[in-house]
Each structure stands twice: as C-alpha cells, then as structure tokens.
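Trainee: Kindly generate the corresponding structure for this input.
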Amino acid sequence: MKFLYIILFYILFFPLSILTAQSKINVVATTTDIRYLVEQIGRDKVNVISLIRGYDDPHFVMTRPDYLVKMNRAEMFCMVGLDLEIGWVPLLLEQSRNVTIQKGQPGYCDTSVGIKILGKPTIQVDRSMGDMHIFGNPHYSYDPINAIQMARTISESLIRVDPENKEYYLKNYTEFKKRIVSFLKIEMKKMENYFGSKVAVFHDEFLYLANRFRFNANLTLEERPGVPPSNRYLENVIKTMSSQNIKVILISPVNNPKYAEYVASRVQGAVVVKMPTSVEALPEAKTYEDTIRISLEKIRKALDETGTRGN
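Mentor: Below you'll find the model as predicted:
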C-alpha cells in the first residue's frame, strides 16, 4: 500500500514540478555583469548562467563543449557586442543549432544597443594596431547609466521571448533603474573632491568609469591593445607619469601585473591597484553595485595615499 502511495505521488506531482521548472526562461549570458542584470529583471522567471567568470578575459575565451549544450537549450542569449566576444561567440552561435538565439531572432540580445559608445577609432584600423575594436570601446558596463540601458534592452528581450510576463519585467526594470540612479547620486557625491584626478591604466577598460566619475585615465601601459608593451614604450610611460605626477596604475584581474609593477617601481611613490572590472572579478564584488562602489573606493584610497587627488 505504501508503495502505491509513492507511485500516486509521483504521478500527481512530478509532472507539475517539471512544468514549473520549464516555465522559466533559460538565458545564457556571456559575462557575469549581463547575468546579474538578467537576474535583476527576470528574477524568478529566469534561469540564467554566464559562460565566463568575472575574472576571465572576455576577449580571449577557450570554449568548452558544454557551452554548446547550454546555448542549444537557451531561449535567450545575451552578449556585450561591439566585437568584444568576436573570437568565440560567432562560432558558438553557429554550432548551437538553436534558431531562436541567432542574430535577428527574438532570443538574441546585444546589450550594446542604445549605448553611447566611447573610443571609436578616428583612423583606419588594421591588425598591426593590435586588438582594436572598430565599433568603439566595449567596456561600457563600467558606467551605471549604461547599466540602466543594458537592463532596458534585456527587459525588451525578455518581453519578446515571454510576452505574457511583460508587466513583471517592466516593473523590475523600473525598480532597478530607480535603485541605480539613487546609487549613482551617492557615488558621484563621494567623488566630487577627486574630479580631475589622473591615473594610468594597463588596458583601456576604465574609459567609461573615468568619463562618468570625471577622472582622467588616458595613459595606458599597453602600446597596442592585446600586445605586450615594449621597453621603449614603458620608458615613455614612466617619463609621462613622473612629469604629470601620476602615481596610480589601475589593472584588472586579467592583466599581467608585471608591467604595472615594473612601471610603479620606477615612479617614486606609485602604486598598482587591482580593480573588480566586473561582477565577481574579485571575491568581494558580488553585485554590480559592489563592482562600482569598490572600484571607486580603491581609486580614492590610492589617490589619497599618493597625494595625487585632483592633480
């Protein structure tokens, strides 16, 4: 009799549990930043995973067979775009055998849509110039205003895939936007005394953060994007930092720190600061807001320690 009750339980409730699980939208995101934003807008209506970790380099990714499995089962695919993932995403999309997530289809989501892109090349670009992005700088998620636009694009994509829950997604987007606007006002106030400060960077991925929070990050240790700098070029960087009183070098977890450490050792009082360039890039950066807040805290602390605030 007990065995019969068990069988009846599975007959009655197991199909219901399958239906509940299947009612969620399966979303594959390339980065942790996008995954976080999908979670904020989709909440309990989505199952979302990111293909890479926060401390992985989105420019260069070694794909795995399970990526294809995940993309084949996805109802929505979100990417940074602007050719950031050009070395690995196009092939995955092609081999996924999933029509729904192909470009131009309802499940395809490029979060760069609607973003004011910075750093567009003003000259003819070729491969001798390194890993140049012909459509502009793709690290736009480092600006909270852009995160709001990304969230809007994600909400529109979710609505295309799941129109029945349109109001739910719009409500979550509105709440997220309100939260980020409030957060931005607080962080801008903290940065007021640091406006105009100068820092050096390894890779030009801090452009949007610097533009929003009004500090200068134009000096890069990379001679050409994605190409190790020459000794001659680094000597010029050292001279520039010394002459302009720049003593803070920002790097991300994916950068080889030896170049920044070498330059810092040649500039009196200079420091190297590892930044959480995306969600989970550093253990303490668990949310998007954490990423921005911690980044700005690290910058302010370094500028204070080196006496170069507002230089």
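
Trainee: now the stretch 51-200 of the chain, which segments are flagged as low pLDDT?
Mentor: 121-133 (pLDDT under 70).

Trainee: Which other helices and strands does the helix or strand residue 210 falls within contact?
Mentor: Secondary structure assignment for residue 210, by DSSP states H and E: helix 207-213. Contacts defined by 3 or more C-beta pairs under 8 Å, 6 or more residues apart in numbering; DSSP states H and E place helix 207-213 against helix 144-161, helix 166-191, strand 216-220, helix 288-306. From N, CA and C alone the C-beta is placed, and that goes for glycine too.

Trainee: what residues are up against residue 108?
Mentor: Applying C-beta atoms under 8 Å, 6 or more residues apart in numbering to residue 108 gives the contacts 76, 77, 101, 102, 157.

Trainee: Turn these into JSON lines, including neighbour count, secondary structure and distance to residue 51.
Mentor: Formatted as JSON lines, these follow (neighbours: other C-beta atoms under 10 Å; DSSP: H, G, I helix; E, B strand; the rest coil; distance: C-beta to C-beta, whole Å):
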{"residue": "76", "neighbour count": "26", "secondary structure": "strand", "distance to residue 51": "13"}
{"residue": "77", "neighbour count": "28", "secondary structure": "strand", "distance to residue 51": "10"}
{"residue": "101", "neighbour count": "25", "secondary structure": "helix", "distance to residue 51": "13"}
{"residue": "102", "neighbour count": "14", "secondary structure": "coil", "distance to residue 51": "17"}
{"residue": "157", "neighbour count": "26", "secondary structure": "helix", "distance to residue 51": "17"}
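
Trainee: Of the residues you listed, which pair is most distant in space?
Mentor: Between any two of the contacts of residue 108, the greatest separation by C-beta to C-beta is 13.4 Å, found for 102 and 157.

Trainee: ok, back up a step: now the helix holding residue 210, how far from the centre of its chain.
Mentor: Relative to its parent chain, helix 207-213 has a centroid offset of 14 Å by C-alpha atoms, centre = their mean, to the nearest Å.

Trainee: Need the contact partners of it.
Mentor: Residues from elsewhere that reach helix 207-213, judged by C-beta under 8 Å, 6+ apart: 118-119, 137, 139-146, 187-188, 191, 194-195, 199, 216-217, 292, 295-296.

Trainee: which among these end up buried?
Mentor: Neighbour-count burial (16 or more other C-beta atoms under 10 Å) applied to the contacts of helix 207-213 gives 118-119, 137, 139-146, 187, 191, 194, 199, 216-217, 292, 295-296.

Trainee: For residue 163, the count of nearby residues, please.
Mentor: Counted with other C-beta atoms under 10 Å, residues neighbouring residue 163 total 10.

Trainee: Quick check: phi and psi on the nearest residue to residue 257 once chain neighbours are set aside?
Mentor: Of all residues not flanking residue 257 in the chain, residue 251 sits nearest, at 6.0 Å (C-beta to C-beta, 6 or more residues apart in numbering). Backbone dihedrals for residue 251, given as degrees, to the nearest 10, come out at phi -130, psi 160.

Trainee: Confirm for me that residue 251 is in contact with residue 273.
Mentor: Yes - with contact defined as C-beta atoms under 8 Å, residue 251 reaches residue 273; the gap is 7.1 Å.
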